[in-house]
Structure formats: C-alpha cells, structure tokens
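Trainee: Structure, please.
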Amino acid sequence: MRAALYARVSTDDQAIEGFSLDAQIKRLQAYCRIRGWEVAGEYRDEGFSGRNTRRPEYDRMMRESDSWDVLLVLKMDRIHRNSVNFTRMMDELQDMGKEFNSVQEKFDTTTAMGRFVMDIMQRIAQLESEQIGERTFMGMEFKARNGTGNLGSGHPYGYVYTSAGLKVVKDEAHTVRAIYNMYIRGSTMDDIAGFLNNAEIPAKKGGRWNKQSVCNILHNPLYAGYSEWNGIVRQGEQEPIIERSVYEKVNGPILLS
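Mentor: Numbering: from 1, shown residues only. From the prediction side, this is the model:
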C-alpha cells in the first residue's frame, strides 16, 4: 500500500506542542512502518485553516493521486474541519479508488468497520448540508419580506453595489431604457441582442448579449425600483432606471408581497 502523508498546521496550531508539521510527519512515518506501507509522498500545509478548502499542498496531493493508494493523516481535523467538506473529499477519493486513514481516530476505509463509519458520516453531513440550506432559505425569505438591502445577487446590469447600496451606472442605464423601448415597439429579444452586439455595446463584464441576458433585464422589477426574490416583490431602495408604467407594459401589474 502506497501512502500519501498529509500534515497541516494553522497559525494557532503552531504554538501547540505535538502539532508541528515535523511531529505529524514523524508519527505518520512510524505508522507506515508498522503497517508495512510505502511512503509515496509527504505533503505539508503551513498556516492554513482546516476550513479553507484551497491549500497548495493538499491540491498538489490530489493532483498526484496516481502515485498513492491511501491518504494518511494524524487526525481527521488535519484534513478538514467541516463535515461537508470532509464528505466531499471522501466521495472524490472513492471515485478515484483511494482509501483514507486517520491514525488517532482509527478511521480506516481499508476495513469493513471503517467503511461503515464512513457511510454514517456521509449521512450526517448530508443532513447538516440540508439543514443549512433550509436555514438559509428561511433567512432569505424573511429578508425578502421584511428586510432591506441586497438579497445576494451580483452586480445587476445598469447598477453597481456601493457601501450606500445600488448606484445607477449612467451608460448602462441608457442601454436598459433602450431595451425596454425596442421591445415595446415590437422588437424580439433576439433582435435586441443582435442590435446591441452590432453596436458593440458590451453586456455585463464585457460579454456579448443574447436572448437570455435581454430577457433578464426585461423581466426584472429591479429596474422599476423594486426588489424580487423567489416570487416575493417589495419596494426597493435603489433609484429606478425606468418608470413603473414602462415595466408594466412588458410584464403586467407589479403585485407587492
């Protein structure tokens, strides 16, 4: 069995005796000798939190997975501190046909008991993920109905987010008004996208216009001064780019929640 030895310390861990990178690697090497495993590689991440999924040595280890059979750590929290991230890693290892072993917890997927424990952990992580999603949805719904400010979207065309909220981008606002005017006069969304591209007017982030990007603007009450999330519409705080009557010519009456 070829083992990839992974060690990690955060800034706080470095002050704790026994958590140094060298101490972790020495214990992992000793464990390999006991098990008769070959050390295929050593990977050390210094100064990275276990909640950070982007670590240079961790990423290098996963890229070099063809050179090892089992990922070996001293403790499970050395690899991930979040159960969801840990489960995702285990799914990735399973897809690659790799095993996982944590020395202190005696968690070893090369055994039947280890695989059983892994199944339980995956179910717990799935439950945690679903509960987080439910709490997030409930929080967003409450904010949509009762709160103020951004509901999580990126910079919408025609606006930019500032510390004071949405601010109109004048050049883009002219384009928004032109899109509504062309559509009301009978142009199709494809026609409008083609016109804007021929006029070399860039979409958001410098991209090209298409039917969907035009549609998103035509059906977003944001431009009439409102905010919408999951069918909930309320009065917004931003300066409108078009009049409400113009928006309603395209979409029908605005019904506040």
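
Trainee: Might you list the low-confidence residue ranges for the stretch 1-150 of the chain?
Mentor: Low-confidence segments of the stretch 1-150 of the chain (pLDDT under 70): 11-19, 83, 118-119, 121-129, 131-150.

Trainee: So which residues of the stretch 1-150 of the chain form strands?
Mentor: Remark: strands assigned in the stretch 1-150 of the chain by DSSP state E, counting those that start in this stretch are 2-9, 38-46, 70-73, 99-102, 107-108.

Trainee: Please produce TSV containing those strands, extended by mean neighbour count and distance to residue 53.
Mentor: The way it works is simple: take the backbone N, C-alpha and C, and place the C-beta from them, glycine included. Below are those laid out as TSV (neighbours: other C-beta atoms under 10 Å; distance: least, C-beta to C-beta, whole Å):
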stretch	mean neighbour count	distance to residue 53
strand 2-9	23	12
strand 38-46	17	11
strand 70-73	24	15
strand 99-102	20	16
strand 107-108	19	20
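
Trainee: Show me where the stretch 51-200 of the chain has its helices.
Mentor: Under the criterion DSSP state H, counting those that start in this stretch, the stretch 51-200 of the chain contains helices at 56-63, 83-96, 112-146, 170-184, 189-198.

Trainee: Work out the gap between the second one and the centre of the chain.
Mentor: If you compare the mean C-alpha spot of helix 83-96 with that of the full chain, they lie 16 Å apart, counting by C-alpha atoms, centre = their mean, to the nearest Å.

Trainee: Could you list every helix and strand in contact with that helix?
Mentor: For helix 83-96, the packing partners by 3 or more C-beta pairs under 8 Å, 6 or more residues apart in numbering; DSSP states H and E come out as strand 99-102, helix 112-146.

Trainee: Residue 256 and residue 235 touch, don't they?
Mentor: Yes - between residue 256 and residue 235 a contact is recorded at 7.0 Å, counting by C-beta atoms under 8 Å.
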